[in-house]
Structures are given as C-alpha cells and as structure tokens.
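Participant: Generate a structure from the sequence data that follows.
(chains A and B)
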Number of protein chains: 2
Amino acid sequence: MANRALLWVAEKPRVQQLISEGKLTQPVVKRFVAGDVLEDAIEAIRERNASGIGGILDLLGEGVTDPEGAQSAADDYLAAIKRIEETGVDTTVSIKLTQLGLTLDKGACIDYSRRLAAEAQAVGTTVEIDMEQSDFVTDTVSVYRVLQPDFPELRLAIQAYLRRTPVDLQGMADIKPRIRLVKGAYAEPEGAAFQERSEIDAQYAFLIDWLFENGTAPAIASHDGSLLEHAKRAAARTGLADHDFEIQMLYGIRSGLQEQLARDGYRVKTYVPYGSAWYPYLMRRLAERPANLRFFLRALTSR
Amino acid sequence: MANRALLWVAEKPRVQQLISEGKLTQPVVKRFVAGDVLEDAIEAIRERNASGIGGILDLLGEGVTDPEGAQSAADDYLAAIKRIEETGVDTTVSIKLTQLGLTLDKGACIDYSRRLAAEAQAVGTTVEIDMEQSDFVTDTVSVYRVLQPDFPELRLAIQAYLRRTPVDLQGMADIKPRIRLVKGAYAEPEGAAFQERSEIDAQYAFLIDWLFENGTAPAIASHDGSLLEHAKRAAARTGLADHDFEIQMLYGIRSGLQEQLARDGYRVKTYVPYGSAWYPYLMRRLAERPANLRFFLRALTSR
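Facilitator: Numbering: from 1, shown residues only, chains lettered A, B, ... in the order given. This next block holds a predicted model:
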C-alpha cells in the first residue's frame, strides 16, 4: 500500500507547494514530461516517430471545475490538432474528460469531445479518452458509448485494477470496443480495486485475453515484460498480426524497450504529456513504480 | 494455498480408498451429508422446515461419463421430485450438469434438465443448477440461458472466486438472472481464480452489489457474517425486503446461525446433500474452511 500512502501525502497542499516550487524536482519532471508547451511535445513525438514509434499527445490537467477552464482546455486541444496537421507528426490525442468539465456540465463535455474527435478525424488522427478516478468511470464509459457510433476509431482507457472493469467491458461487448488497457494509477479503496501487485497482474492478463477475443485492435498499455508476452501469445492465439494491436508506454519509461519492440515489428506508441499542470501526473508515476520513486529520491539527494 | 494442496492430495486414488473405506470418517460424513438415501435427506429437510428454513435437495455425484449414469441420476432426481410432492416438504432441487452427462452429450443433458425443471414446476418447486470446475462454466451458463426463458424461476450458481464471473454476470444482465452466489470450492489456477481469502471476500462483496442491482431475488450462499451483513445493507439500499433475497448455507455448517436468521425474518435455505458419492463433496468442505478440517482431524484422532 506504499503507493496509496504516497498519493495521499501528495494531495496535501503544503507537500504540493514544496514539491512544485522546488527547483530540485526539475530533472524528475523533465524525465516524465516533454515540456511546458505544445512545441516541446511535438518535438518529443517527432523524435519518437524517427524510431518508428507513434505518439499519444496529452495536455496535462484534470479536475477542471469552471466553464472557462474547460473551454480553455478544449481550445488548447484544437490548437494541438491543428499543429499535428501542420507538422505531420504521427500521433493521436489523449483527452481527460474532467479536464473538459465532465463533473461540471456533462453535455458540454460531450460537445467538446465530439468536436475534438471530429477535428482529429479531419486531419487523419484519432482521439483516445483517458480514464480517471473510479467516481468518473460510469460517466466516462457513457460518453465513449455516445460518441463511438460516429467515431468508431475512438479509443477508451480501461483500468485493470478496478473490480468493475470486467462488467464494464462485457457491457460494451456488442460494439467490440477499442480499448487501451492500463493498470490503474489512482488511490482506490479495497472495495473498488485490487491492491496487491500479483492480483492486479493476474487480472490484467485475464483482461488481455478478453480484449483479444472481444475487442478491436487492443492497446496494451504496460511496461511489464511478462504481460507484453501474454499479449503476444493472445494475439497469436486469436490470429492477430503484430500490427493489429498496440503496445503503449509512457514518455520517459523503458524507452529502449519501446524502440526494440518497434524494431521487432510491433505497433508501439508513446504517451507524451506536456504542460504546466504536471503535479498529479508525476505523483502517480512515482507511486506506481518503485524504480520511478528511487529516481526521484536520487535526484533530490544528489545535490 | 493449503486448500489447493488438500484438494490435490484428495484426488489420489490411494487417499480416496483410505478415506472412503475408513470407518473413522463416518462421523465426519454424517455431519456434512444427510444420509445415503433419499429418505434421509427428506427427513433432514423436514427438520429444517420446522425451524422455518427451506431445503435445497442435492443428490451427490458428479463427472458422470456414461449415458447410463446420466439416465440413472435423472431418474433419481425424478423420484426425489415425486417424493417432495408426496411429503410436502419445502425444498428446491439442486442439480449438477456433469452428473446429467454434460461432458458426454450436452443435448441430452439439456433434455434431462428441462424435464427436471418442468417436473419441479409441476409440483410447485424449482431447480437450481450447481456450478462446477471452471472448465464447465461456459457450458453450464449456456444451459441455464437455454432453459431460463421457459423456467424463469430456475436458479444458477455462480462462483465469486473466478475472474470470469463479472463477465458472465454482465453477459446475463438482460435477463436479470436468478443467481446463487457461492465462494467457489474447486482447486483452480491463479489465472482462473483469486487465491487469497481477502481478495475472494472483497470480490464476493462487489458481486453482491452487482446482484442486488442487476439480478432477481439474489441468493447469498455464504457462512461469512460480514458478507451477510454486506448483503443486508445492499438489500436495504436497493429496497429489497428481507424475503426478497435468500441466504443459503450448507447442511452441518453454522446451523444455529441459520436458525437465528430464519427467526429474524430472513429467507434461509439449507443445502442438503445425500447419497453415497460423498467423497469429492466432503473434500471440498474440508478444504474450504479450517474449522471443518479441524473437525475432521479431531474425529480421526479421537478414537
């Protein structure tokens, strides 16, 4: 439960202030976040493209509670899509629904999402919907279902560690959903989510099988070698070619493995976050992998 | 994993012989099994009825691999249903599909099951379908789905410890299924089932919520006080009266609690097995609860 404790501490305002303002954190932020502005992310994606890896562009920010904030995020995404067209980089766009005001005005959030999906489609790319805390899963799935008939290329992130996930997936079986399967990185109670790493991994493997049997072009978002092997076996068993599914990883994590997989002929995409609202994203990265936390502590203590 | 080891050892022929023939096991068998013949079970159910508790009659036997065996089991069940009518005891009938030849001839198994469901209905009772090893889940669910439109009172056992269970349940959401939720008592690999008691309990609680929200008249088959409390809260939350759901327990386990719950106004049923093929049933009971195993060992060593 070390990760839950860390996520809990990370929410304290004084801790936030301390970490956000400290210049010491800069090297750590730099490792996991492409930069403050869109151009930084475009540049990072261009570099990944050179290695045969696609991008997933993500403007950091979540939990927006005022209409102006949602409008501003939508505008930023529209600008990003325009820039994708201009630069010709190979990338999708990942959006967080709470950043588009999901908790404020679900109808407006759907309108923004529809507009972004349409603009992305017009420039030859697609939108992926991130998944957030368990409180937002029902609404996020329902927004996906509303938009999916018009935008079948739309992809939805689903979290392996939530107990409800098999129910959510089976509830979408009729549309053979396009899913990004992630482990799940938020602090959730025992009643909502598996807690032990071994249980989450076993559940993740079970859901990989479900996706290859019931979904469309699964995206396996994991840095875990044995889960990736499980996915390769599931692909072979269900007759999917190496390019019919995706392996997604995060910017700054196992970059060498990402490049190796791309060289081996797999379809690989790197999730590239940018923007100034990096705090909660960074805390989730530190909490989910001991190696990331060690990197952080080393950076803090080495000066 | 002590229970898996025990179930594994219990399958060894020499162990089976040793335990089956030993007179020492008789008191243990007697505790968990109503008797060798139908009349023993009817008598046990009549006693339970006197305490306001319903019965679930179960003829022991499973894994039948010859047509004569399946026919013989079906005949025995028909005789039991006739006897239920004659004696007027309050009980349902629980069948195991592998006992009716599921692995041998699925069509014949469906025919037998349909016949039993019809006969049960004719005498004012219902059939419940037990769930067995994970290999048989897909077929067992499909038999239930085939029969359910004609026999909406039919009940299906579903095992909380299987990872696939939420998928199976959501796949039946359209018919608001009548489910008996059990923990699961077979030795299953990590890939198929949760192994840790705490994980199974948490999953069981999650599934209780699903059943009260999406099923019909849920039957909670558990001896665990905190899971029963969870079910009572789910009933209150979803507006079900104490008689709109069932609590099911096994013959010989927590009989006092069963009676107390019945006095408190809950709908309680006791699963009453009878017959000579008690070996695998008894081994599952010993493996699933340390208290049962201690009782067994005490009986063995006290003479």
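Participant: use CA for all of it now, contacts and neighbours both
Facilitator: OK.
Participant: what comes into contact with the host helix or strand of A:P166?
Facilitator: A:P166 is part of helix A:165-171 when elements are defined by DSSP states H and E. Outside helix A:165-171, the residues that touch it by C-alpha atoms under 8 Å, 6 or more residues apart in numbering or on different chains are A:V141, A:I158, A:Q159, A:L207, B:R164, B:P166, B:V167, B:L169, B:Q170, B:G171.
Participant: Include neighbour count when you put those residues into CSV, please.
Facilitator: Output for the contacts of helix A:165-171, formatted as CSV (neighbours: other C-alpha atoms under 10 Å in any protein chain shown):
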residue, neighbour count
A:V141, 19
A:I158, 26
A:Q159, 28
A:L207, 22
B:R164, 21
B:P166, 25
B:V167, 20
B:L169, 23
B:Q170, 24
B:G171, 16
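Participant: tell me which of those residues is nearest to A:V182?
Facilitator: Relative to A:V182, the closest of those is A:Q159; by C-alpha to C-alpha it sits at 5.0 Å.
Participant: partners of that closest one in the sheet?
Facilitator: Counting by DSSP bridges, A:Q159 forms beta bridges with A:V182.
Participant: and it, how far is that from chain B?
Facilitator: For A:Q159, the distance to chain B (C-alpha to the nearest C-alpha, to the nearest Å) stands at 15 Å.
Participant: A:A10 now?
Facilitator: With the distance defined as C-alpha to the nearest C-alpha, A:A10 ends up 27 Å from chain B.
Participant: re the thing from before, just curious, which of the contacts of helix A:165-171 is nearest to A:A185?
Facilitator: Nearest to A:A185 out of these is A:Q159 (C-alpha to C-alpha; 8.4 Å).
Participant: wait, isn't that closest one in contact with A:G184?
Facilitator: Yes. With contact defined as C-alpha atoms under 8 Å, A:Q159 reaches A:G184; the gap is 4.8 Å.
Participant: need the helices for chain A, in chain order.
Facilitator: A:2-10, A:13-21, A:26-32, A:38-50, A:67-87, A:106-122, A:137-147, A:165-171, A:197-214, A:225-238, A:255-263, A:279-288, A:290-301 (DSSP state H).
Participant: Could I get the ones you listed in a markdown table, plus columns for mean pLDDT?
Facilitator: Output for the helices of chain A, formatted as a markdown table (pLDDT from 0 to 100):
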| stretch | mean pLDDT |
| --- | --- |
| helix A:2-10 | 72 |
| helix A:13-21 | 71 |
| helix A:26-32 | 85 |
| helix A:38-50 | 97 |
| helix A:67-87 | 97 |
| helix A:106-122 | 98 |
| helix A:137-147 | 98 |
| helix A:165-171 | 97 |
| helix A:197-214 | 96 |
| helix A:225-238 | 96 |
| helix A:255-263 | 97 |
| helix A:279-288 | 86 |
| helix A:290-301 | 74 |
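Participant: CSV for these, including distance to B:W8?
Facilitator: Output for the helices of chain A, formatted as CSV (distance: least, C-alpha to C-alpha, whole Å):
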stretch, distance to B:W8
helix A:2-10, 36
helix A:13-21, 52
helix A:26-32, 48
helix A:38-50, 51
helix A:67-87, 58
helix A:106-122, 53
helix A:137-147, 41
helix A:165-171, 30
helix A:197-214, 22
helix A:225-238, 27
helix A:255-263, 40
helix A:279-288, 37
helix A:290-301, 37
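Participant: which residues sit in contact with the residue nearest to the spatial centre of chain A?
Facilitator: When C-alpha atoms, centre = their mean is applied to chain A, the residue found nearest the centroid is A:D130 (5.3 Å). By C-alpha under 8 Å, 6+ apart, A:D130 lies in contact with A:S94, A:I95, A:K96, A:L97, A:L156, A:A157.
Participant: Around chain B, which positions in the stretch 201-303 of chain A sit nearby?
Facilitator: Residues of the stretch 201-303 of chain A that fall close to chain B, judged by C-alpha under 8 Å from any C-alpha of the partner chain: A:A202, A:Q203, A:A205, A:F206.
Participant: In space, what's closest to the first one - neighbours in sequence excluded?
Facilitator: This points to A:A202. Closest residue to A:A202 apart from its sequence neighbours, by C-alpha to C-alpha, 6 or more residues apart in numbering or on different chains: B:G191 at 6.1 Å.
Participant: so that neighbour makes contact with A:F206?
Facilitator: Yes. When contacts are counted by C-alpha under 8 Å, B:G191 is listed as touching A:F206 (6.9 Å).
Participant: neighbour-wise, which of these two wins?
Facilitator: Of the pair B:G191 and A:F206, A:F206 is the one with more neighbours under other C-alpha atoms under 10 Å in any protein chain shown, namely 19 against 15.
Participant: give me every residue that touches that one.
Facilitator: A:F206 neighbours (C-alpha under 8 Å, 6+ apart): B:R163, B:G191, B:A192.
Participant: What are the phi and psi values at the second one?
Facilitator: Geometry field for B:G191 lists phi and psi as phi -70, psi -20, criterion degrees, to the nearest 10.
Participant: Could you tell me which residues make contact with it?
Facilitator: Here B:G191 is in contact with A:A202, A:Q203, A:A205, A:F206, B:R163 (C-alpha under 8 Å, 6+ apart).
Participant: Give the burial count for A:K30, as a bare number.
Facilitator: Counted with other C-alpha under 10 Å, the neighbours of A:K30 add up to 13.
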